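Enquirer: Here you go, sequence then predicted model.
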Amino acid sequence: MTPVEFKREVIRPVIKKLDLWSVPAEELLLGTAIHESGGLKKVRQFGGGPALSYFQMEPATLYDLHDNFLAFRPKLKRALDQFQIPCLSLPENLTMNLAYAAAAARLQYYRAPEALPKSLEAQADYWKKYWNTAAGKGSPDQYLSHYKHYI
């Protein structure tokens, strides 16, 4: 699947069903997936780490999303649950279920206190702050480079 197809066929319909669609949300999720997965190539973290899906969300982050955010927002929890394949664990849903992974990633960004930025450069900084974190190895320049290479 190309990045454009992933955006059109997975990201856009999923975040519209969550009622959290915007152009910046769509672009930020695409940029995150491209950068984190090496161009939509990996669903497990390079080097054997715990991160899963094209978005490279760690199971601990997913459980925290459920326990400390969605548990207090039943409408959003139901919205995420509609994408879950019940016979799979939550981590398995991240690796095997593109729609669930995109929905979880969008909800994780939704937790951030700042509005989604519109420019690609500002999105790279937002990704670093709210996804990769200060302790992460990635940089906004790497994010931008990967995005521009694959789009």
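Expert: That came in fine, so what should we check first? Numbering: from 1, shown residues only.

Enquirer: For the rest of this, base every contact and every neighbour count on C-alpha atoms.
Expert: Noted.

Enquirer: Show the backbone phi and psi for Ala122.
Expert: Per-residue torsions, Ala122: phi -70, psi -30 (degrees, to the nearest 10).

Enquirer: count of neighbours near it?
Expert: 15 (other CA atoms under 10 Å).

Enquirer: tell me which element Val14 falls in.
Expert: Per DSSP states H and E, Val14 falls inside helix 12-17.

Enquirer: elements contacting that helix?
Expert: helix 98-110 (3 or more CA pairs under 8 Å, 6 or more residues apart in numbering; DSSP states H and E).

Enquirer: For the helix it packs on, name the packing helices and strands.
Expert: So helix 98-110, by 3+ CA pairs under 8 Å, 6+ apart, packs with helix 12-17, helix 23-37, helix 59-68, helix 74-81, helix 90-96.

Enquirer: Format the CA atom coordinates belonging to the first one as PDB.
Expert: Below are the C-alpha coordinates for helix 12-17, written out as PDB (Å, rounded to 0.1, in the frame of the first residue of the first chain):
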ATOM      1  CA  ARG A  12      -9.300   9.300   6.400                       C
ATOM      2  CA  PRO A  13     -12.300   7.000   6.800                       C
ATOM      3  CA  VAL A  14     -11.200   5.900  10.300                       C
ATOM      4  CA  ILE A  15     -10.800   9.400  11.700                       C
ATOM      5  CA  LYS A  16     -14.000  10.500  10.100                       C
ATOM      6  CA  LYS A  17     -15.800   7.700  11.900                       C
END
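
Enquirer: For this structure, list the residue farthest from the centre, please.
Expert: Most distant from the centre of the chain: Cys87, at 22.0 Å, with distances by CA atoms, centre = their mean.

Enquirer: Got the phi and psi for it?
Expert: Backbone phi and psi, for Cys87 under degrees, to the nearest 10, turn out to be phi -80, psi 0.

Enquirer: Ok, Arg44 next?
Expert: phi -130, psi 140.

Enquirer: which residue sits closest to it, ignoring its sequence neighbours?
Expert: Excluding the flanking residues, the one nearest Arg44 by CA to CA, 6 or more residues apart in numbering is Leu52, at 4.7 Å.
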